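> Okay, sequence plus prediction incoming.
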Amino acid sequence: MAFHFDPRTILYLLLISQIILLLDVNVFIEIVTVMILIIPFFISKQFKWGLIIAVIYSLQLCMAFIFLPNIHNAVLLYPLSMIANGFRELIPGIIVGIYALKLTHSEEWISLFKKWHFPKYFIVPFSVIFRFFPTLREDYHQIRNAMAFRGIERGPIAFIKHPIQTFEFILIPLLIKASQVAQDLTISALTKGLSMPVRQTSIIQLQLTKTDFVYMLIAFLPIIIYLGEFI
């Protein structure tokens with residue numbers, strides 16, 4: 001299994017990303033933050049996600065500092081400015097969120113919440129929601145495969161040509177499946193005893209490694225740079 005950080009490290013990185021957002025740092029510190037937060041994808045051999053985020057962020061920088069200064073049409077300026085500047089500030093938090101969903105198992109989060117004595121009414125819904133969207137995505141692919149098997153046209157062109165038919169063949173089955181998936185996942189969580197009012201244990205033992213501590217120190221570097229500007 002590819003290396004991944006402890007869930008507590010992920011929460012720490014999320015905290016750092018939000019502090020950077022609140023401090024409204026300059027572009028240099030923002031770039032340093034994004035570069036530091038992208039590194040876990042490459043450490044965990046998730047090169048695809050790392051490259052995708054790096055390309056999107058690079059395009060946002062190019063749009064903000066190369067294209068936007070030359071645009072004087074307000075109709076284009078405002079939406080492009082939102083993409084290049086507004087959404088760009090959210091990139092650090094989005095990176096950590098993607099990493100948490102892709103490379104941290106729900107069992108690890110549940111084990112952490114049990115260790116921190118989170119209430120049952122938080123753990124059970126979290127367990128359901130964390131598994132809901134990946135399961136629903138698999139069902140969506142199965143629906144698309146079933147459409148292809150029956151010779152039903154699919155894809156963006158099919159949506160443009162037959163929007164009502166596309167909604168009928170995809171959206172309605174997906175909504176029905178979503179209700180069933182939510183019910184099944186809730187039953188699964190309750191069957192595992194997550195709602196029992198007793199002390200619970202977990203087979204997954206969380207442990208912070210040297211790599212976690214070293215990376216926590218590295219992730220704090222943008223804040224040190226920011227504070228250094230006032231010294």
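Thanks, I have it. Here the structure is a predicted model, which is why all the values come from computation and not from measurement.
> Look up how far F220 lies from G97.
20 Å (C-beta to C-beta, to the nearest Å). The way it works is simple: take the backbone N, C-alpha and C, and place the C-beta from them, glycine included.
> How about I176?
In terms of C-beta to C-beta, I176 sits 48 Å off from F220.
> Check the secondary structure at H72 for me.
Assigned with DSSP: H, G, I helix; E, B strand; the rest coil, H72 falls in the coil class.
> Look at it and say how many residues are nearby.
Neighbourhood size, H72 [other C-beta atoms under 10 Å]: 7.
> Likewise for K114?
Applying other C-beta under 10 Å, I find that K114 has 17 neighbouring residues.
> Tabulate the CA atom coordinates of the one helix or strand it maps to in CSV.
Element membership for K114, per DSSP states H and E: helix 106-115. Provided in CSV are the C-alpha atoms of helix 106-115 (Å, rounded to 0.1, in the frame of the first residue of the first chain):
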residue,chain,number,x,y,z
SER,A,106,-12.7,5.9,6.6
GLU,A,107,-11.6,3.4,9.3
GLU,A,108,-8.7,5.6,10.2
TRP,A,109,-10.9,8.6,10.7
ILE,A,110,-13.4,6.6,12.7
SER,A,111,-10.5,5.3,14.8
LEU,A,112,-9.3,8.8,15.4
PHE,A,113,-12.7,10.1,16.3
LYS,A,114,-13.2,7.3,18.8
LYS,A,115,-9.8,8.1,20.3
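> What's the first helix or strand after it?
Going down the chain from helix 106-115, the next helix or strand is helix 120-149, by DSSP H and E.
> Can you find the helix or strand of the chain with the lowest average pLDDT?
helix 156-161 (a mean of 66; mean pLDDT, DSSP states H and E).
> which element follows it toward the C-terminus?
That would be, after helix 156-161 and using DSSP H and E, helix 163-166.
> which residues are contacting the very next helix or strand once past that next one?
Next helix or strand after helix 163-166 toward the C-terminus (DSSP H and E): helix 172-191. Contacts of helix 172-191 with the rest of the structure, by C-beta atoms under 8 Å, 6 or more residues apart in numbering, involve 124, 127-128, 131-132, 135-136, 139-140, 143, 195.
> re earlier: packing partners for the helix holding K114?
Judged by 3 or more C-beta pairs under 8 Å, 6 or more residues apart in numbering; DSSP states H and E, the packing partners of helix 106-115 are helix 7-23, helix 120-149.
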